[in-house]
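Novice: Structural data only, the sequence is not supplied:
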């Protein structure tokens, strides 16, 4: 094809040939990833400096692009799917998740209106009903897919703002003197996305009340109650409480039942953030963490975190979707239709929506509920196994309970004065060498290492490898 | 594999085999799409009622899923890639766009920090520099990818809010009496996402000032100036003016130069919405629409609209990215790193970001600048050709100028009293029968049909087909 003068797309034959090659490349990548450094070994600008500053005038053979994938792009990747990626939360795609994205890209749906994608609109409803049932969420909840938990959460708090009846949608908050200070409560372990949502929504950081946590990193319920009472007596208006099941630092959980009672007593919106641990709620033996969930107004869970679904796919479950519609619906003339149907554009800031449910539907069907449960259980088993090694060791100690698949621990070698600095060095060295990737957090001024298990490729031998790396590096550092 | 008890992913061999099959299915879909009805012929709930209400316990063979793709999903699709999809804006993916999404899914990057994806962080910068140069945007602009124009725009207005120095990030807008009413200006043709952004950001609909347009559907610049003066004398605070190049209704454009002068004189943030027409700015002969762009503070363009890149990929260009960082950066302990690099999570509400630049990079390299230009030029040629048929016909008339690849027109058959109702019926019948998909808008109380050309598969014969369908249906309706 003379691409520069022609119209149209890549010829069919070429599409098939390159398509097969890419399938093979991805299969090879999945198979050989284990031998790659987990974090990219690139220095800043290494990739950028190797790329031309301007677009090519003439189209290139796609084989050229594929060559650069090997030579330039793959070395610049940090391999999130790697079984030794233990940082932040360990997430991974599954093969069928990739298949989902292939179709999603090819169909290129924009599910703004039902009619512009009946498939996406209806499959999303069905798949989220499946997931709700698997998670043991009450039937009153219905779901909607957004890109990320940050955006799901922002919508939840916007819905809370709408329910307050303060005409903020219509009249806004500037140029008014009749609005009390609106307050949103979480704990000092609440995810930063809550505060970012408040910034975005115009409520500001002053609206955030971060209640202290107890020694299990759960919100201090008495302190929460006292904060709300103090605010009310100051003339402030409690808007929302965010309870977390599976915090990011330590995967700790708040006492949902106790928080729910406070919210009911004060008519406060209850949002439950289980972006991470929501996936684990498909295990009946863990659903007790959700005791009290029937009182919640909104719940966030991210299948892209721990349900083998490629990024991005975050789910917001709401008890009353109508509030979200009231908060966001705006229908210009060119989007007016006669059908009496759900048009998903009415429920949020984004007008177009990708056909994201397809990949989650693939995942649930291919693995089945039992297959998903067995994988999540195995990750939790591996995390607890790792935690048992930490507990048995005199050189490391556990820093928090292991309820899900995150282990918080630190090195405590003898004769080291500055343990924070030691742990940071230990982590940085391991990360730099590429054998595993760990992240850190700070608990009571102590630097603590975080090891998350979540890759579909994680096996016991990978945890053994990380444990050996930690011990070897600790010895090396102590010997210096 | 006994999926229910096993751990791990689909076996390598199975992944390759199904992968090839999916490549073939997608190739077949692209080839045979022309014979499918453009809009899904499904009735509401047709798909939902055929799907089981609960997830399967046991995993299924992927062949079962593929069978359902043919039997259930494809009939429920509206085919956005179809060359006769002329509704809203005609968008389409290219083959290499699909390849991009395959790798994006497989790599599953979350580009929150540079280190969690040097590839995504740096390729985004390089690719957006390429695009900026192709579009003839001044060098001072740097870009960032978001999912949709709605979200890009919200970030632009949030940046304007931050620059005002009113401590809205820190103190919010509730519980204060020191904030003037903040006002954002657009025209009555401005996209609904602007108003949705104001709702989201807590500014509310009252902040929106929709200035009337002239007979070319461009903002009435004198009226804009007068509105701003009136607001200032009322003690309101002008925050931002949104100028549009290529509105959604008619693809009309505002007089950017004149608006820029007003913004400079009053120190108002100038945001330019070219979500649609930005792609056409790669044609030097159209860059005059951007005269005055050097005064803009932010610009939105959506390569997923008209640059053959699968949904979603929207670009926000900003003159001063640092304001966005000030507006949004919030770094919890577990995301603190030592490197002095760009961490993209600092520039918006979303923490994780998909490796979206990869698909745009594929598109630009495969087609080359010349190949992209020739395709956009051809679409504009086809739209103008269609417009010439309308102009020559006595049964139809043109309703707006054709600057890009959108034709606004209406049927004006003799002896029909209610032309609005006639045009609606005409459109609905054509859409229902599936041969083509048109949308509508309302101009001066007239229902007007919109025909957009943008699919990479669009050829002259497809426009001829739509024109014939319109004439035949008009005759049929007149004969009734």
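Specialist: Looks like it came in fine. Only a predicted model underlies this, so the values are computations on that prediction, with no experimental measurement involved.
Novice: Tell me the helix or strand right after the helix or strand where residue A:96 lies.
Specialist: Using DSSP states H and E, residue A:96 sits within helix A:95-107. Counting by DSSP H and E, the next helix or strand C-terminal to helix A:95-107 is helix A:118-135.
Novice: and residue A:94, what pLDDT?
Specialist: We have a pLDDT of 97 for residue A:94.
Novice: Please report how far whatever residue of the stretch 251-400 of chain A ends up closest to chain B lies from residue B:6.
Specialist: Going by CB to the nearest CB, chain B is nearest to residue A:368 of the stretch 251-400 of chain A, at 3.5 Å. Bear in mind the C-beta positions are built from the backbone N, C-alpha and C, glycine included. Computed as CB to CB, to the nearest Å, the residue A:368 to residue B:6 distance reads 11 Å.
Novice: Kindly report the same for residue A:64.
Specialist: The gap separating residue A:64 from residue B:6 is 40 Å, by CB to CB.
Novice: Likewise for residue A:82?
Specialist: Computed as CB to CB, the residue A:82 to residue B:6 distance reads 20 Å.
Novice: In terms of packing, which of these two has more residues around it?
Specialist: residue A:82 (25 against 15; other CB atoms under 10 Å in any protein chain shown).
Novice: one step back: tell me the helices and strands packed up against the helix holding residue A:96.
Specialist: Judged by 3 or more CB pairs under 8 Å, 6 or more residues apart in numbering or on different chains; DSSP states H and E, the packing partners of helix A:95-107 are helix A:357-392, helix B:12-32, helix B:62-68, helix B:95-107.
Novice: okay, the angle between the second one and helix A:12-32?
Specialist: When you say that, I think you mean helix B:12-32. Between helix B:12-32 and helix A:12-32, the angle comes out at 160 degrees (axes from the mean of the first three to the mean of the last three CA atoms, to 10 degrees).
Novice: Looking only at helix B:12-32, what residues are buried by neighbour count?
Specialist: Buried residues in helix B:12-32, counted by 16 or more other CB atoms under 10 Å in any protein chain shown: B:14-16, B:18-19, B:22-23, B:25-27, B:29-30.
Novice: what does the third one give?
Specialist: Residues of helix B:62-68 classed as buried by neighbour count (16+ other CB under 10 Å): B:62, B:65-66.
Novice: what about the closest residue to residue A:382 other than its chain neighbours, how many residues close to it?
Specialist: Nearest residue to residue A:382 in three dimensions, chain neighbours excluded: residue A:453, at 4.8 Å (CB to CB, 6 or more residues apart in numbering or on different chains). Counted by other CB under 10 Å, the residues lying close to residue A:453 total 27.
Novice: And for stretch A:390-401, what's in contact with it?
Specialist: With CB atoms under 8 Å, 6 or more residues apart in numbering or on different chains as the test, stretch A:390-401 has contacts from A:216-217, A:250-252, A:387, A:389, A:407-413, A:443, A:446, A:448, A:470-471, A:474.
Novice: Please indicate which of the residues you listed are buried?
Specialist: Among the contacts of stretch A:390-401, the ones that count as buried by 16+ other CB under 10 Å are A:217, A:250-252, A:387, A:389, A:407-411, A:413, A:443, A:448, A:470, A:474.
Novice: Please, where are all the helices along the stretch 201-350 of chain A?
Specialist: With helices called from DSSP state H, counting those that start in this stretch, the stretch 201-350 of chain A shows them at A:221-233, A:256-266, A:303-306, A:321-328.
Novice: Make TSV from the ones you listed and add mean pLDDT and mean neighbour count to it.
Specialist: Shown next, in TSV, are the helices of the stretch 201-350 of chain A (pLDDT from 0 to 100; neighbours: other CB atoms under 10 Å in any protein chain shown):
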stretch	mean pLDDT	mean neighbour count
helix A:221-233	98	16
helix A:256-266	98	18
helix A:303-306	98	30
helix A:321-328	96	18
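Novice: got those as CSV, with distance to chain B columns?
Specialist: As requested, those are arranged in CSV below (distance: least, CB to the nearest CB, whole Å):
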stretch, distance to chain B
helix A:221-233, 11
helix A:256-266, 18
helix A:303-306, 8
helix A:321-328, 7
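Novice: need these in a markdown table with distance to residue B:256, can you?
Specialist: Output for the helices of the stretch 201-350 of chain A, formatted as a markdown table (distance: least, CB to CB, whole Å):
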| stretch | distance to residue B:256 |
| --- | --- |
| helix A:221-233 | 47 |
| helix A:256-266 | 49 |
| helix A:303-306 | 39 |
| helix A:321-328 | 30 |
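Novice: Those: which one's closest to residue A:98?
Specialist: Taking CB to CB, helix A:303-306 is the member of the helices of the stretch 201-350 of chain A nearest to residue A:98, at 13.0 Å.
Novice: so residue A:6 makes contact with residue B:372?
Specialist: No - counting by CB atoms under 8 Å, residue B:372 is not a contact partner of residue A:6; they are 11.6 Å apart.
Novice: Give me the neighbour count for the residue lying closest to residue A:191 once chain neighbours are set aside.
Specialist: Nearest residue to residue A:191, sequence neighbours excluded (CB to CB, 6+ apart): residue A:248, at 5.4 Å. By other CB under 10 Å, 26 other residues sit near residue A:248.
Novice: My guess is residue A:248 contacts residue A:273. True?
Specialist: No - taking CB under 8 Å as the definition, residue A:248 is not a contact partner of residue A:273, at 9.4 Å.
Novice: shared neighbours of these two, anything?
Specialist: Here residue A:248 and residue A:273 share the contacting residues residue A:191, scored by CB under 8 Å, 6+ apart.
Novice: dump the residue contacts of residue A:207.
Specialist: Contacts for residue A:207 were tallied using CB under 8 Å, 6+ apart; they are A:181-184, A:198, A:239, B:172, B:174.
Novice: Out of those, give me the one that has the most neighbours.
Specialist: Most surrounded of those: other CB under 10 Å gives residue A:182, at 30 neighbours.
Novice: can you pull the contacts of it?
Specialist: Going by CB under 8 Å, 6+ apart, the list of residues near residue A:182 reads A:161, A:164, A:203, A:207, A:236-239, B:172, B:174-175.
Novice: Would you mind checking which of the buried residues of helix B:12-32 is nearest to residue A:89?
Specialist: Closest to residue A:89, out of all of those and judged by CB to CB, is residue B:15, at 24.4 Å.
Novice: what's the closest non-adjacent residue to the closest one?
Specialist: residue A:95 (4.5 Å).
Novice: from what I can see residue A:53 touches residue B:129, true?
Specialist: Yes - the pair residue A:53 / residue B:129 is scored as a contact, 6.7 Å apart, by CB under 8 Å.
Novice: How confident was the prediction at the closest residue to residue A:51 other than its chain neighbours?
Specialist: Once flanking residues are discounted, residue A:51 sits nearest to residue B:126: 4.7 Å by CB to CB, 6+ apart. pLDDT for residue B:126: 98.
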